[in-house]
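> sequence first, predicted model second:
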Amino acid sequence: MATKINRREEIIARLFAEGKAEIMDSPEAIAQRESLDEYMEEARREYLRKAHASQIEASRFIITS
């Protein structure tokens, strides 16, 4: 019979002990996440604008050439 091995709790405890993990519920951490979210949303919008403009330019090139 197969035995499922779950090392999740062990890995999480080790990461906290090594200082590689932390609970991010401080006001500073929340502000950092919100700032990152805003930055990523703006980057996403910029990418979509550029992709749309590229499609428009490509359609004009194909039609007029």
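Sure, I can see it. Residues are numbered from 1 along each chain as shown.
> find the centremost residue of the chain, please.
Residue closest to the mean C-alpha point of the chain, counted by Cα atoms, centre = their mean, is M40 at 7.5 Å.
> what about it, distance to K20?
23 Å (Cβ to Cβ, to the nearest Å). No exception for glycine: its C-beta is placed from N, CA and C like everyone else's.
> do E57 as well
46 Å.
> low-confidence regions, the protein specifically.
62-65 (pLDDT under 70).
> which stretches of it form helices?
In the chain, the segments counted as helices under DSSP state H are 8-18, 27-64.
> for I5, grab phi and psi.
phi -110, psi 120 (degrees, to the nearest 10).
> burial of it, as a residue count?
By other Cβ atoms under 10 Å, 5 other residues sit near I5.
> who's in contact with it?
Shown in contact with I5 (Cβ atoms under 8 Å, 6 or more residues apart in numbering): no residues.
> and the gap between it and A17?
Taking Cβ to Cβ, one finds I5 at 21 Å from A17.
> equivalent analysis for T3, please.
26 Å.
> settle it for me: which of the two has more neighbours?
A17 (9 against 4).
> show me what contacts that one?
No contacts exist for A17 under Cβ under 8 Å, 6+ apart.
> any idea how far it is from S59?
A17 is 57 Å from S59, by Cβ to Cβ.
> same question for Q32.
Counting by Cβ to Cβ - Q32 and S59 are separated by 41 Å.
> repeat for N6
From N6 to S59 the distance is 53 Å (Cβ to Cβ).
> quick one: which of these two has more around it?
S59 (10 against 7).
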